[in-house]
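S.K.: sequence-free structure coming up:
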């Protein structure tokens, strides 16, 4: 199916479907320094990598955390990256990241691009098998968002940890 992986649920047949949700309330954001990590004094770090539809427009944000893990929603909230979600019967999905698309009426577009979610562990990306809020990351791990119309998208670049 065309839906990019975010809520890969067998019952919903979202094979590598993007955990993209749209139209819901905007997620909270905080200001993020242009270099370094948010919460830089924390003992652990996790990353958010964003690759827009124009491949040359990509960036990453680092978030420091003190526990053993950080969940995807907390990571996104603390990163300061703008994103919007919509809640479905299967959970939350992300349909806008860093103001792309600029406008949307439907979270999972029938045609055109959607956001795909990847999880990086041990230097390798894998397509997320859950929604971003259910992702659990450890020190030096990352989530990656890629905005594309590809049914089986390649992941974004790995973070520069």
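M.R.: Ah, there it is. Keep in mind that what you see is a predicted model, and the values were worked out from it rather than measured.
S.K.: contacts, neighbours, all on C-alpha from now
M.R.: OK.
S.K.: which SSE is the residue nearest to the spatial centre of the chain in?
M.R.: Nearest to the geometric centre of the chain sits residue 145, at 4.3 Å (Cα atoms, centre = their mean). Assigned by DSSP states H and E, residue 145 belongs to strand 141-148.
S.K.: and what of residue 115?
M.R.: Per DSSP H and E, residue 115 falls inside strand 114-121.
S.K.: What's the mean pLDDT across that strand?
M.R.: Averaged across strand 114-121, the pLDDT comes to 93.
S.K.: circling back to that earlier point, give the bridge partners for the residue nearest to the centre of the chain, please.
M.R.: residue 50, residue 117 (DSSP bridges).
S.K.: List the buried residues for stretch 92-100?
M.R.: Going by neighbour count (16 or more other Cα atoms under 10 Å), the buried part of stretch 92-100 is 92, 93, 94, 95, 96, 97, 100.
S.K.: which SS class is the residue of the chain most remote from its centre?
M.R.: Distance from the C-alpha centroid of the chain peaks at residue 41, with 23.8 Å (Cα atoms, centre = their mean). Secondary structure for residue 41, judged by DSSP: H, G, I helix; E, B strand; the rest coil, is coil.
S.K.: what helix or strand is the closest residue to it other than its chain neighbours on?
M.R.: Excluding the flanking residues, the one nearest residue 41 by Cα to Cα, 6 or more residues apart in numbering is residue 64, at 7.1 Å. Assessed by DSSP H and E, residue 64 sits inside strand 58-65.
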